[in-house]
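Trainee: sequence plus predicted model, see below.
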Amino acid sequence: MLTLFIPSNYEAAVFRRALASAVKTRIGDAPVFTGKLAGVPVRLVICGMGQPHSARRINEVLASLQGEAGPIWLAGFGGGLDPSLKRYELVYLSGDESAEAQVHAVMAELPARRIDKIYTSEEVVDTEAKKVAAFHATGAAIVDMETGPFLELSKKYGRPGLVIRVISDEVSEEFPADLIGHSYDFARGRDTPVRLAWRLLTHPGDIVRLKRFLAPLPEARRCLLEALMRILSTIYR
């Protein structure tokens, strides 16, 4: 069975809707949805955004699944650092040669760009200046907050690991870190919709900023879902 880690409830929502015969359980405090995606058995785990919570939850899940030999994937949004990357473009990074060999041909058809490095940041990289600085400092094509621990844990548990990201914001675009900080508690690894609602109520000007940021994300989720379903239906059925 494929174990698919997705950081946030928002990113995972489209996958949950597509998951057939889904059964919800928990491993530790991570929500787990088991069902079929494109006819393939999938365990969808919402691991949380950022560190250390995503690393802890991924570790708990993999520890509880020792004895399984199936692949593990991490999928979700990624912020572009390479100026050539455009919104909705798919990129992938493999921590295991066998995992990459299985999906490389499919990725070429999607198309998806193979990258050698993802910058895993401990804090949100939100401005163009910070993105440019991160690109020059790390050489990484994109930034996220979960890949580093995920790849380390995939090696620790001997599970073929693959990271698939869709570009949600380009280098020149601001990521509204202050608003995301009101919608998600990185210290506890939990959504905080009431806190966001209060922020928008008391700062109505932020509504426009939030709408502008959210507007392209449904299409980004759709692109990611379609890519994963195509990979699954091609390789595993």
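Mentor: That came through, no problem.

Trainee: quick one, strands of this protein?
Mentor: Remark: strands assigned in the chain by DSSP state E are 2-6, 20-27, 30-37, 40-46, 72-80, 90-94, 112-114, 118-120, 142-144, 161-169, 184-185, 190-191.

Trainee: quick one: pLDDT of the residue nearest to Leu217 when sequence neighbours are not counted?
Mentor: Closest residue to Leu217 apart from its sequence neighbours, by CB to CB, 6 or more residues apart in numbering: Ser168 at 6.2 Å. For every residue, glycine as well, the C-beta is placed using N, CA and C. Ser168 is assigned 95 on the pLDDT scale.

Trainee: quick check: Ser168 touching Pro216?
Mentor: Yes - with contact defined as CB atoms under 8 Å, Ser168 reaches Pro216; the gap is 7.3 Å.

Trainee: touching both of the two, which residues are there?
Mentor: Arg87 (CB atoms under 8 Å, 6 or more residues apart in numbering).

Trainee: these two: which is more packed in?
Mentor: The neighbour comparison of Ser168 against Pro216 (other CB atoms under 10 Å) goes to Ser168, with 25 against 15.

Trainee: residue contacts, that one?
Mentor: Phe77, Gly78, Gly79, Arg87, Pro216, Leu217, Ala220.

Trainee: got it, and Ser94?
Mentor: Glu100, Val103, Gly161, Leu162, Val163.

Trainee: distance check, it against Leu151.
Mentor: Counting by CB to CB, to the nearest Å, the gap from Ser94 to Leu151 is 9 Å.

Trainee: what do these two both touch?
Mentor: Common neighbours of Ser94 and Leu151 (CB under 8 Å, 6+ apart) are Gly161, Val163.

Trainee: Ile72 and Ser121, how far apart?
Mentor: Ile72 is 22 Å from Ser121, where distance means CB to CB.

Trainee: more neighbours: which of the two?
Mentor: Comparing Ile72 with Ser121 by other CB under 10 Å, the one with more neighbours is Ile72, at 26 against 20.

Trainee: doesn't Thr3 make contact with the more buried one?
Mentor: Yes - the criterion here is CB under 8 Å, and Ile72 meets it with Thr3 at 4.7 Å.

Trainee: intersection of neighbour lists for those two?
Mentor: Leu62, Arg159.

Trainee: show the pLDDT at the residue nearest the centre of the chain.
Mentor: With distances taken as CA atoms, centre = their mean, the residue of the chain nearest its centroid is Gly76 (2.3 Å). Per-residue confidence (pLDDT) for Gly76: 97.

Trainee: does it have beta-bridge partners, and which?
Mentor: Beta bridges link Gly76 to Arg165, judged by DSSP bridges.

Trainee: so which bits of stretch 76-96 are buried?
Mentor: For stretch 76-96, a neighbour-count test (16 or more other CB atoms under 10 Å) marks 76-82, 85, 87, 89-96 as buried.

Trainee: ok, now stretch 54-66?
Mentor: Buried, per 16+ other CB under 10 Å, within stretch 54-66: Ser54, Ala55, Arg56, Arg57, Ile58, Asn59, Glu60, Val61, Leu62, Leu65.

Trainee: OK, contacts around the fifth one?
Mentor: This means Ile58. Ile58 neighbours (CB under 8 Å, 6+ apart): Phe5, Val45, Cys47, Glu146, Pro149, Phe150, Leu153.

Trainee: mind checking how far it is from Ser183?
Mentor: 22 Å.

Trainee: check the second one too.
Mentor: Note on Ala55: its distance to Ser183, by CB to CB, is 21 Å.

Trainee: circling back to that earlier point, quick check: the farthest pair among the contacts of Ile58?
Mentor: Val45 and Pro149 (13.7 Å; CB to CB).

Trainee: more crowded one of these two?
Mentor: Neighbours per residue (other CB under 10 Å) separate Val45 from Pro149, with Val45 holding more: 26 against 21.
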